[in-house]
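Colleague: Next one to model:
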Amino acid sequence: PVWLKLPYPYKGARLLDEDGNTSKVGDLTLYELPGRRIVLSSGLPQGESFYMQLELICNATPHPKKFYEIKVGSYPVSLNLYSCQSDILQMLGAIDDQDAFIKLTMEADNRLLSLNIRRYNGVLEWDGEDVFFIHGMASSNISDGAEIEAMLISDPQKDPLPIGGRNSQGIGTGLFDVPQAMKRRGPWLIYPVKNCKVQFRPVLYMSDGFDVDLGVEVHSLHKASEVYHPRTNPNAIKLQIETMANDFRHSGWQYLADLKQHYSHLPLSSFESWRALSKHNNALAFAVFRLEFDEEFCSRIKDELAVIWEVIPMSVWVEAYQYFINCLTETGLPEAFVNKQIENRSAVLRLVVSGFDYIGDYLGTANKNFLKFPPPEIVLPIWYQTLRQQHESNNRWPIDLRDPLNKWIEKQNVPPLVKSLSLVEYSDAVVYLPIFMAFVTAGKAKITDLSVPTAYLKFAIRLVSDFDRQGWFAPVHALMVSYFLAAE
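Modeller: The predicted structure follows:
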């Protein structure tokens, strides 16, 4: 036999679909990443480096970015796009804008490939006041196969309303007419049916024929959702959320519980109620107890509403915890049940917020005597050496926030050994971020103290803290939270 060695290809980057065929698509959704690969080939005998960039395209500036160097030798290298999904979700979680997307580019000495990775593969477009259609992200052509429902936002217990498409001689036209029922009441949220192949961002529909009395008194989240308008009445829901923070029996808790139960398949940021809750620390902290959030739902809040749980001050958690216990006790529930609920909520908190490891019974008592922790100036240098050893071969430590964190730590009243903990520049951001976040959790600082744009700041905090969350960020943050609380 005769063997021929042919360059494949001579140099470049090719996107392959799940069947291994070359793909020319310029847009993918998060759900289409599994099975997709980028194959890199070098035309140089010594090989070369390719550079991949992920950029968050959003209204906020500067755009958060992540960079990767991929070394390719004489044989092609295959990059599984699904392996990038966690980084993509991390970046999308920096803001609560559902229209934001990730732009992936691959370069060597020139740009070889560009790809947009989005949450959705369709867009709802209006054709007049009461007719709409769905088209692709990169095309104005009407998408086939869209299945659509609408929910009455003021009543999440009500069954969703199916919206059928127009037919012409038994064939779907891709156009959808707003049902008459949606013109009599409102507002409504139009969204794709769960598991539909065509996904688009849920859209708020308010009929001009439905008049809302803005002067009516509002005492429920149900009514607030009815009278809410992003321009004429933007604070209706926010005011109810503020009230709920100190009202165990407020009907708004049932409203949110119904949303969570019946519409968990929709992005949380689709609902102004979840968005308003995420921006109110006291109400959000109490919601963890009142609505019995589990670790998975808390992660969704972090990813879909850009929440950093460590930003909520410990004093807020203490207040919410004690209020929850008092309310449960007043209901007359058996003591064993109350204790079980408290135990369950405490366990979830330790999984969600790293600052609870050394606080003992501080949540229930606010007594500093329950704060047990080793001296930071003794254990942190030991932990730091372990951190360096475990990541000795990693030459890409994240340096985001290094300069503002260095400036901040120099001004703080902390033990000298803590202030000079990082011995090399590339470890500065990783080392000092949990100490800064401990200041925030202890109520002694705010994340805005770093004077960094919010979207980039949230992205950078997640990026740096995830470098070694379990081995460094979480234990250091927990230790320093207790240290700062004890020093009050």
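Colleague: which stretches of the stretch 351-488 of the chain form strands?
Modeller: For the stretch 351-488 of the chain, strands defined by DSSP state E, counting those that start in this stretch do not occur.
Colleague: do the stretch 51-200 of the chain as well
Modeller: Under DSSP E, counting those that start in this stretch, the stretch 51-200 of the chain gives strands at 65-72, 77-80, 101-107, 111-118, 122-126, 131-136, 148-152, 161-163, 165-168, 171-177, 188-192.
Colleague: Could you dump these into TSV with mean pLDDT and distance to Lys372 added?
Modeller: Every residue, glycine included, has its C-beta placed from N, CA and C. Converted to TSV, the strands of the stretch 51-200 of the chain look like this (pLDDT from 0 to 100; distance: least, CB to CB, whole Å):
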stretch	mean pLDDT	distance to Lys372
strand 65-72	90	38
strand 77-80	93	45
strand 101-107	95	43
strand 111-118	93	46
strand 122-126	93	54
strand 131-136	93	57
strand 148-152	96	49
strand 161-163	96	56
strand 165-168	86	63
strand 171-177	87	61
strand 188-192	96	48
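Colleague: out of those strands, nearest to Glu425?
Modeller: strand 65-72 (17.9 Å; CB to CB).
Colleague: Any chance you could list what contacts the closest one?
Modeller: 40-42, 47-56, 77, 79, 87, 91, 396, 463 (CB atoms under 8 Å, 6 or more residues apart in numbering).
Colleague: go again using 10 Å as the cut-off
Modeller: With CB atoms under 10 Å, 6 or more residues apart in numbering as the test, strand 65-72 has contacts from 11, 13, 38-44, 47-56, 77, 79, 84, 87-88, 90-91, 102-103, 106, 108, 395-396, 398, 400, 456, 459, 463.
Colleague: That strand to strand 101-107, inter-axis angle?
Modeller: With axes from the mean of the first three to the mean of the last three CA atoms, to 10 degrees as the basis, strand 65-72 and strand 101-107 are set at 30 degrees to each other.
Colleague: Partner strands of strand 65-72, with direction?
Modeller: The pairing partners recorded for strand 65-72 under DSSP bridges are strand 48-57 (antiparallel).
Colleague: How far does the partner strand sit from its chain's centre?
Modeller: Strand 48-57 has its C-alpha centroid displaced from the chain centroid by 22 Å (CA atoms, centre = their mean, to the nearest Å).
Colleague: picking that back up, identify, out of the strands of the stretch 51-200 of the chain, the most deeply packed stretch.
Modeller: Highest mean neighbour count of the strands of the stretch 51-200 of the chain: strand 188-192, a mean of 23 (counted as mean count of other CB atoms under 10 Å).
Colleague: tell me what it is packed against?
Modeller: On a contact count with 3 or more CB pairs under 10 Å, 6 or more residues apart in numbering; DSSP states H and E, strand 188-192 meets strand 122-126, strand 148-152, strand 161-163, helix 181-184, strand 203-205.
Colleague: do you know which of the ones you listed lies nearest Val338?
Modeller: That would be strand 148-152 among these, by CB to CB, at 34.7 Å.
Colleague: which other helices and strands contact that closest one?
Modeller: Looks like strand 148-152 contacts strand 161-163, helix 181-184, strand 188-192, helix 221-227 (3+ CB pairs under 10 Å, 6+ apart).
Colleague: could you dump the ones you listed to TSV with distance to Lys407?
Modeller: Listed next are those as TSV, based on distance: least, CB to CB, whole Å:
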stretch	distance to Lys407
strand 161-163	54
helix 181-184	54
strand 188-192	45
helix 221-227	42
